[in-house]
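# Pasting a predicted model and its sequence here:
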Amino acid sequence: MFAAYSPFVLFGSFAILMVLGVPIAFSIGVAATVTFMLFVGIDQSYFIVAQQMASGLDSFTLLAIPFFILAGNIMNRGGIARRLIDFAKVIGFALPGSLAHVNVLANMMFGSLSGSAVAAAAAVGGVMAPLQKKEGYDPSYSAAVNIASCTTGLLIPPSSTFIVFSLITGGTSVAALFVAGYIPGILMGLGIMIVAGVIAKRRGYPTQPRPSVIEFIKKGLDAILPLGLVIVVMGGIIGGIFTATEASAIAVVYTLLLAFVWYRETSIKQLPSIILESAVTTAVVLMMIGCSIAMSRAMAFGNIPNMISDFMLGLSDNPIMILIILNVVLLIVGTFMDMTPALLIFTPIFFPVVQKLGMDPVQFGVMMTLNLCVGICTPPVGSALFIGCSVGGTTIPKVIKPLIPYFITLIVVLMMVTFIPFISLALPRLFLGYAG
């Protein structure tokens, strides 16, 4: 009887709480509790929500999130970004607007290691913005390149976003998701570099001096150990030596040795503050995950995913049109909701739709992550946009127009990932024997 009203109660209460400025995790949890009241009453609803949060977080896979967050924070303090930027300089020296290409390459490398677009935008952008300004680059151009490219690390593994997606979808292979992110992430970076190069050529931005062979070797050797983390983590996962969760713990040990023993740019006295910062970030993420699991259960109680699935499939018989509609909805959602809550809320809603269309879960995970990457670069709540403008010494109104060509590029790559399964599934099938 009440199932027909559950979508209005769930999303209506969630929207009201968000408008009132209630933190998103609490908005999700309260909306789930109110929805459960329709079916089991007030007393039982509290118990069920608490139970769902506790049981949902009792997952070995989720242990990877705090470990990867800690590893990323250690790298942020350990001088890793500077070494990757120096290496990127000797790779992209000859390209028009070479410092912009250095920014993209460094974001791809550092973002994949830290697993955070915001950290990449801050660490890499903070170093590159003064260098580009000194060479006569428009700050809005530099900031746009940094903002658009910092998202590549969310697709190039290891990525906590894929771990969350795996949990929500009931066990999609984390290893397959990790490997699947490489080609789309690289395509994003290459697309941004092409656009940046064309604009730089028109504006006459300079190239960098050719590095000597000795300098090239030295910068390459400096970057080997940071990049070795990807080889260790992904090599172990692909080779079946350890799981993604075990790989995250190995990543912490690796970065600790790198920052505190090898480079020694971080003192042991800073370790407690690094751990505290990681614990706070982890608590925020896991709180959202726990509340979102309760919301997913509430949606299942009310049969909401199937209602939405039937509605969307009833809009058109053409799978292409349905996927375009789905992408448009996610692009709109991404403009006012950060990536993690958007992923947690909308994955259980849209997953049944793509399953009925025959889309592979790994391809959908990559598509959804890439789509929401665009959102963190857009106003009004784009976290990468705010950080990129801050470190780039410019304002949001000034950077919106320069960002438009990069948005178009990212959407082109998104359409490729949506309609060409090979882009996402080729590497999992090649290296993991993935049968999806």
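Thanks, I have the structure now. Since we're looking at a predicted model, the values are computed, not measured.
# Output the longest helix belonging to the chain.
As assigned by DSSP state H, the longest helix anywhere in the chain is helix 24-57.
# In terms of secondary structure, what does the helix or strand that comes right after that one contact?
Using DSSP states H and E, the next helix or strand after helix 24-57 towards the C-terminus is helix 64-77. Packing partners of helix 64-77 (3 or more C-beta pairs under 8 Å, 6 or more residues apart in numbering; DSSP states H and E): helix 98-114, helix 117-134, helix 160-168, helix 244-256, helix 271-301. For glycine as for every other residue, the C-beta is placed from the backbone atoms N, C-alpha and C.
# chain center to stretch 84-91: distance?
In terms of C-alpha atoms, centre = their mean, to the nearest Å, the centre of stretch 84-91 is found 23 Å from the chain centre.
# And for stretch 54-73?
Distance, stretch centre to chain centre, for stretch 54-73: 15 Å (C-alpha atoms, centre = their mean).
# Next: stretch 322-335.
17 Å.
# contact partners of that stretch?
Stretch 322-335 is contacted by residues 312-313, 315-316, 342, 346, 350, 353-354, 357, 359, 367-368, 371-372, 374-376, 378-382, 411, 414-415, 418-419 when judged by C-beta atoms under 8 Å, 6 or more residues apart in numbering.
# Filter those down to the ones in helices?
Using DSSP H, the contacts of stretch 322-335 in helices are 312-313, 315, 342, 346, 350, 353-354, 357, 367-368, 371-372, 374-375, 411, 414-415, 418-419.
# What subset of those residues is buried?
312, 342, 346, 350, 353-354, 357, 367-368, 371-372, 374-375, 414, 418 (16 or more other C-beta atoms under 10 Å).
# how about the residues you listed, which pair is most distant?
For those, the farthest-apart pair by C-beta to C-beta is 357 and 375; their separation is 22.6 Å.
# Can you tell me how far the spatially most central residue of the chain is from residue 16?
Geometric centre of the chain, nearest residue: residue 154, 3.3 Å, by C-alpha atoms, centre = their mean. Relative to residue 16, residue 154 is positioned 30 Å away (C-beta to C-beta, to the nearest Å).
# what does the model give residue 4 for pLDDT?
pLDDT for residue 4: 65.
# Check residue 1 too.
Note for residue 1: predicted pLDDT of 51.
# And residue 187, what's its pLDDT?
95.
# Find the nearest non-adjacent residue to it, please.
Nearest non-adjacent residue to residue 187, counting by C-beta to C-beta, 6 or more residues apart in numbering: residue 413, 5.0 Å away.
# Would you check that that neighbour makes contact with residue 188?
Yes - the pair residue 413 and residue 188 qualifies as a contact (C-beta atoms under 8 Å) at a distance of 5.4 Å.
# So the two - more neighbours on which side?
Set residue 413 next to residue 188 and count neighbours by other C-beta atoms under 10 Å: residue 188 wins out with 29 against 23.
# That one contacts residue 410, correct?
Yes - here residue 188 reaches residue 410: they are 6.4 Å apart, a contact under C-beta under 8 Å.
# which residues do these two both contact?
By C-beta under 8 Å, 6+ apart, residue 188 and residue 410 have these common neighbours: 151, 370, 373.
# Could I get the residues you listed in TSV, plus columns for neighbour count?
Formatted as TSV, the shared contacts of residue 188 and residue 410 follow (neighbours: other C-beta atoms under 10 Å):
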residue	neighbour count
151	30
370	28
373	27
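# tell me which of those is nearest to residue 433?
Among these, residue 370 lies closest to residue 433 (C-beta to C-beta), at 24.3 Å.
# contacting residues around the closest one?
Taking C-beta under 8 Å, 6+ apart as the test, what residue 370 contacts is 155, 184, 188, 410, 413, 414, 417.
# What is the burial count for the spatially closest residue to residue 5 that is not a sequence neighbour?
Nearest residue to residue 5 in three dimensions, chain neighbours excluded: residue 38, at 6.7 Å (C-beta to C-beta, 6+ apart). When counting by other C-beta under 10 Å, one arrives at 18 neighbours for residue 38.
# now the end-to-end length of stretch 264-279.
End-to-end distance for stretch 264-279: 23 Å, by C-alpha to C-alpha, to the nearest Å.
# What residues of it count as buried?
Buried residues in stretch 264-279, defined by neighbour count with 16+ other C-beta under 10 Å: 266, 274, 278.
# Disregarding flanking residues, what is the spatial nearest neighbour of residue 431?
Leaving out its chain neighbours, the residue that sits closest to residue 431 by C-beta to C-beta, 6+ apart is residue 238, at 5.0 Å.
# And the contacts of the lowest-mean-pLDDT helix or strand in the chain?
The weakest-scoring helix or strand in the chain, judged by mean pLDDT, DSSP states H and E, is helix 80-91 (a mean of 78). Identification of contacts with helix 80-91 by C-beta under 8 Å, 6+ apart yields 75, 98, 101-103, 105-106, 109-110, 113, 123-124, 127-128, 208, 211, 215-216, 219-220, 222-223, 226-227, 258-259.
# Which of these are buried, as a PyMOL select command?
The PyMOL command for the buried members of the contacts of helix 80-91 (criterion: 16+ other C-beta under 10 Å) is given here:
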select buried, resi 75+98+101+102+103+105+106+109+110+113+123+124+127+128+208+211+216+219+222+223+226+227+258+259
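# separation between residue 99 and residue 176?
Counting by C-beta to C-beta, the gap from residue 99 to residue 176 is 36 Å.
# same question, residue 433
On the measure of C-beta to C-beta, residue 433 and residue 176 end up 10 Å apart.
# Please say which of these two ends up with more neighbours.
The residue with more neighbours, out of residue 433 and residue 176, is residue 176; 28 against 8, by other C-beta under 10 Å.
# Look up the closest residue to the more buried one, ignoring the ones flanking it.
residue 428 (4.1 Å).
# Show me the contact partners of the helix or strand that contains that neighbour.
Using DSSP H and E, residue 428 sits within helix 421-432. The contact list for helix 421-432 (C-beta under 8 Å, 6+ apart) reads 173, 175-176, 179-180, 182-184, 187, 238, 359-360, 362-363, 366-367, 416-417, 434-436.
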